[in-house]
Structure formats: C-alpha cells, structure tokens
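**Student:** heads up, no residue letters with this:
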Ligand code: NDP
C-alpha cells in the first residue's frame, strides 16, 4: 500500500465484475490506488469492493453499461466530481459475438463495435478533462491479439480491437503534452469466462503453440496494466504491449 501523504490516485476500471478487469482492479488497489469498479452487475462489484477494503485498500462501485454512451459519459464525469480527480482510466469492458464475416448480422457487428470501441472513445473524452486539469493521466485500452493479427470468426471483435490501437495512438499524440499517456495492452489467450467454453482439445493445442507453454491468467494482464499506469511510466505512450505468452511475437 502507498504510505505517502499524497492523495491516492483514482483509477476507473470498466468490466471489473469478473475476469481480467477484476484482476486489474485488485492489482491497482494493492498498489495503493482508489479503484472505481465499473460494470453492469452490482452484486459482484460490491463483493469485490468488500474484498479490497478487507485487505486495506480503497474502492467504490459505479454501475455502468458502457454501451449507453450518454450514461457512460455522465458516469465518468460523476467519478471525477466525487473524487475531485481521475488519474487512471482502464477501458477493459468487452464482449464477443463471433461468427464468420459472411454470416455476421448487422446487430452483432454494431454491438461489438459499440461496447468494445465506441465506449472507449466516449470514456476517454470524458476522462481527459479532469486529467488535463491535473496534468496527469494514464489511459489503457485493453485490446487483443485478434486486433493485431486478425482472427477468423471475429471480424467485429478484431475491427473493434484494431480500432483501439488507432484511437490510442491518436490520443497519445493529442494529450502527450498534458502529462497524459495512452497505451494498449493486448492479451492473447487468457483463461476467463470469455474463453471458458472453448473445447479442452483446442486449449491444449493452443498451449503447445505458445512460447511459454501455458495459457495466460488475468494476473498476467493486470501486471502489465499496473506498470503502464504507474507514475514511473510517463515516457511510455502510444504503445501496444502484447501479453500473449509469445503467441504472435509481432
Ligand atoms: P469476461 O467476459 O470475463 O468479462 C467481461 C467484463 O466486461 C465483465 O466484467 C462484464 O461485466 C463487462 N462488460 C461487458 N459488457 C459490458 C457493458 N455493456 N457495460 C459494462 N460492462 C460490461 O471477459 P475477459 O475478462 O476475458 O475480458 C476482458 C477484456 O479483455 C475484454 O475487453 C476482452 O475483449 C479482452 N480480452 C480477453 C481475452 C481473453 O482471452 N479472455 C483475450 C484478449 C482480450 P457485466 O457483465 O457485469 O457488465
């Protein structure tokens, strides 16, 4: 935990109710941040807040549907107003609606682009004001190796995640002079609810292809986010940090 008398940095983590977002929230809390836990399901967020507080950390809950752009922008404004600051934004909430491109419906295309890409833009636009005011900010967008190298069956998802790379680099250029960094963390295959239903045989095959010979954990991603959002990472911006056990190496 942070022992200094400086106010705790405030971090908003979307998709914190489970999986990678939950691990990111736990890690940032352990590192002394006040973590605002955001997702649609209030119960798991309250449980996580309790867990963080039990270990001496600080957290609060914001029930947010990131696909509702007006509500999302208002929620980000409220977080900044309630705490008087917003230092770290982790756009992690994401969904998949996989299908081959030729069979993909307009609805599934739009849903994934809205939740995985447009939400990040709206949250960044709202978070940038309080960050600029304090001349400090750390923005991390959680993309995917699918957005870097593509993935059959994921046209919507890969396009949204690739969009995050362009968005991040642009934000890095626009806000770099204000003390704000923006980076992407792109996970490979991480064991969460999102990947739970893949057949064991596919998981075994995949594992054999990875340089480190194991699937990723949410904690692997949280460790990268912890560094990228740290005070000492001020010279790291516009980058895509691929955390994939050596799957793509590109
Ligand atoms: P999970 O499905 O386990 O969790 C997704 C999280 O996003 C949940 O907390 C969910 O909360 C939240 N969420 C989904 N839709 C919304 C919404 N409309 N509004 C607010 N919150 C929402 O996914 P992972 O933890 O596996 O994935 C996290 C991120 O990492 C995603 O962006 C994903 O694309 C990315 N990723 C994951 C990989 C993997 O192998 N698992 C690989 C590469 C990238 P709730 O349902 O309560 O709203």
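**Tutor:** That came in fine, so what should we check first? The model shown is predicted, which means the values in this text are computed figures rather than measured ones. Numbering: from 1, shown residues only.

**Student:** who in the chain is up against the ligand?
**Tutor:** Neighbours of the ligand within the chain, by CB under 6 Å from any ligand atom: 14-21, 39-41, 64-67, 92-95, 115, 142, 144, 187, 189-190, 192-195. C-beta coordinates here come from the backbone N, C-alpha and C atoms, glycine included.

**Student:** Now restrict those to buried residues only.
**Tutor:** Buried subset of the residues of the chain next to the ligand (neighbour count, 16 or more other CB atoms under 10 Å): 14-21, 39, 64, 66-67, 92-95, 115, 142, 144, 187, 189-190, 192, 194-195.

**Student:** Mind listing residues that contact the helix or strand residue 35 falls within?
**Tutor:** Per DSSP states H and E, residue 35 falls inside strand 34-39. Residues outside strand 34-39 that contact it (CB atoms under 8 Å, 6 or more residues apart in numbering) are 8-18, 21, 25, 28-29, 45, 48-49, 52, 57-64, 66, 75, 79, 83, 93.

**Student:** 6 Å instead?
**Tutor:** 8, 10-17, 25, 28-29, 45, 48, 58-62, 64, 79 (CB atoms under 6 Å, 6 or more residues apart in numbering).

**Student:** buried sites along that strand?
**Tutor:** 34, 35, 36, 37, 38, 39.

**Student:** again, but for stretch 104-115
**Tutor:** Neighbour count says stretch 104-115 has 104, 108, 109, 111, 112, 113, 114, 115 buried, by 16+ other CB under 10 Å.

**Student:** Equivalent analysis for stretch 211-221, please.
**Tutor:** 215, 216, 218, 220, 221.

**Student:** wait, doesn't residue 109 sit right on residue 156?
**Tutor:** Yes: Residue 109 is within contact range of residue 156, at 4.7 Å (criterion: CB atoms under 6 Å).
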